[in-house]
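A.B. asks: quick one, structure for this:
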Amino acid sequence: MSKQNKNMPRTNVQNKILDLEQKYMNIIEEIVSSREFLTDLKHIEKDTQEYYEILQEAWGKKNKIKEVSERLLRHHIYLRFSGHEKFYPSPISCDIALELDDIILNLDVKTIDKMGNAGELKSTQFEHNQTSFINKKVLASGDFPGFSVKSNLRAVDPRTHKPILTFLVKIGYSDDGKGIFNFINSDEYPSIVVTCLPNGSLSNLFDDDLFSNFKDYTYYDTVAGFYYKPRYITAKEEFSTLSKSAKFNRIEQQTDIPESWKKITWPNKVGYYDPEKKVVWWTVEKKQANHWDIYLMAVKNGNTARFNDEWLEERYNSENEYWCGEHKYYKIYDKLKEES
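C.D. replies: Numbers count the residues shown, from 1 in each chain. So this is what the prediction gives:
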C-alpha cells in the first residue's frame, strides 16, 4: 500500500483536485468541531437518553442515532453552503450529496458503537457508492489474482464537469443495550473522525493501492449450482489448532479437491483457486447452534472495503504543502465545557 507520492509528475487537473480536497476538508472540520454542531450533538445525546426505551422498541436495532446524525450533518452542511448549493440528481451517492460552485460534494455519516465495533473508529471503511478511487486487486495469493474493488462514483461528474469529492464523518458513541448511552469523550477512542477519500483522478499518486481488504464477503450457494455447495470440514476448535499444512490435509480428508485446484494461503485463511472457473474457495467460520464449524466456501466478491488509515493522513496540495487527510478528534465535547 502506498501513501501519496508528492514527487510524481501531476496534471493540472490533479493539482486542482488536490487543492479542492484540502479546501473542503478544512471546511468540514470547521463544521463538526464548531460549538453549534457539538451543542446539537449533545442535544441528540440527551434525547436518546431520555427516550431510550422508546427508541429501543421503535427502532428494534442497536444503532439508534444513525438517521438523526445524518440529519444533523445535513442541516449544518446546508447552513454552511446556503445560497451556493444545487440539487445533485445522481442516485449513486453518499448520505449527503450536493452540487457546489466548484465540486460535487459527497459526504457519508457513520455512527460507531465502541461497545461492539471499536475497531471501526480506528480504521476507515467504505461502500461502493462512496468512492471513485481506482485500486489494484486485493488479497492476491499464489495463482489467485485477487478481488476487484468496485468504485461506483465517477471522478468527475459528466454533466457539470466538476470533480466529485468524498468525505466520511464518523461519530463515536457507547450504548450498552440496557439504557446507558453516551457519545465518546475519552483519550482512548476518538469522538469524531473526518476523512477525505482521495478522488479517483488521484489514484496513480497512491500507486493505485490504498485498500487492504474487505470487512465482509458475498459467497456463492447452491442456488448458483451444485458446484458452489459449501463443504463442511470440521469443528473450529479442532481446525484452529492445526498448522497450515495440516489444515490442507484435513480439508482433503473431508472433501474431494480437484487436482487442478491450486493451494493458496492468507494470514488468517487457507483455500484453493480453481483456474478453470476462476473461483476462489477458502475456509469460513459458521456458527451452528451453540458451536462454530469450518466450511470451505466459494467467494463471490468483497463488500465493504477497508482503507489503510496511515496512507490517508499524509496528504499534499499542489504546492506540496502537507495537510492531514484524516483527523481524529479526542475528547471534543470538553470544548463545550471550556467555552461555557
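A.B. asks: pLDDT weak spots in the stretch 201-340 of the chain?
C.D. replies: Across the stretch 201-340 of the chain, the ranges flagged by pLDDT under 70 are 339-340.
A.B. asks: just the strands in it please.
C.D. replies: Counting by DSSP state E, counting those that start in this stretch, the stretch 201-340 of the chain has strands at residues 211-214, 217-219, 231-235, 262-266, 269-274, 279-288, 291-302, 305-307, 314-316, 322-324, 326-329.
A.B. asks: quickly find the element holding Ala46.
C.D. replies: Ala isn't right for residue 46; it's Lys. Following DSSP states H and E, one finds Lys46 within helix 35-50.
A.B. asks: okay, now Lys62: neighbour count?
C.D. replies: Applying other C-beta atoms under 10 Å, we find 13 residues neighbouring Lys62. Any C-beta I mention is one placed from the backbone N, CA and C, and that applies to glycine too.
A.B. asks: what's the distance between it and Asn117?
C.D. replies: 10 Å (C-beta to C-beta, to the nearest Å).
A.B. asks: repeat that for Tyr227.
C.D. replies: 35 Å.
A.B. asks: of those two, which one has the most company?
C.D. replies: Asn117 (14 against 11).
A.B. asks: and the more buried one, that's in a helix?
C.D. replies: Yes: counting by DSSP: H, G, I helix; E, B strand; the rest coil, Asn117 falls inside a helix.
A.B. asks: can you tell me the SS state at Tyr24?
C.D. replies: Under three-state DSSP, Tyr24 comes out as helix.
A.B. asks: so what's it up against?
C.D. replies: Ile103, Leu105, Leu165, Phe167, Cys196 (C-beta atoms under 8 Å, 6 or more residues apart in numbering).
A.B. asks: name the nearest residue to the fourth one, sequence neighbours excluded.
C.D. replies: Leaving aside its chain neighbours, Phe167 sits nearest to Leu107 (5.0 Å; criterion: C-beta to C-beta, 6 or more residues apart in numbering).
A.B. asks: for my notes, confirm that neighbour occurs in a helix.
C.D. replies: No: read with three-state DSSP, Leu107 is strand and lies in no helix.
A.B. asks: distance of it relative to Asn135?
C.D. replies: Counting by C-beta to C-beta, the gap from Leu107 to Asn135 is 21 Å.
A.B. asks: cool, and Ser318?
C.D. replies: Taking C-beta to C-beta, one finds Ser318 at 23 Å from Asn135.
A.B. asks: between the two, tell me which one has more neighbours.
C.D. replies: Asn135 (22 against 15).
A.B. asks: checking the more buried one next. Helix, strand or coil?
C.D. replies: Going by three-state DSSP: Asn135 is coil.
A.B. asks: contact partners for it?
C.D. replies: Val149, Ser151, Ser203, Asp208, Asp209, Leu210, Phe211, Ala305.
A.B. asks: tell me, how many residues neighbour the first one?
C.D. replies: The criterion is other C-beta under 10 Å. On that basis, Val149 has 22 neighbouring residues.
A.B. asks: ok, for it, nearest residue in space, not its chain neighbours?
C.D. replies: Val149's closest residue in space is Asn135 (C-beta to C-beta, 6+ apart), at 4.3 Å.
A.B. asks: for the one you found, phi and psi?
C.D. replies: phi -110, psi 150 (degrees, to the nearest 10).
A.B. asks: so the residue nearest to Glu36 when sequence neighbours are not counted versus Val32, what's the distance?
C.D. replies: Using C-beta to C-beta, 6+ apart and skipping residues adjacent in sequence, the residue nearest Glu36 is His76, 7.2 Å away. To Val32, His76 is 8 Å away according to C-beta to C-beta.
A.B. asks: thought the residue nearest to Glu36 was touching Ser33?
C.D. replies: No: using C-beta atoms under 8 Å, His76 is not in contact with Ser33, being 11.2 Å away.
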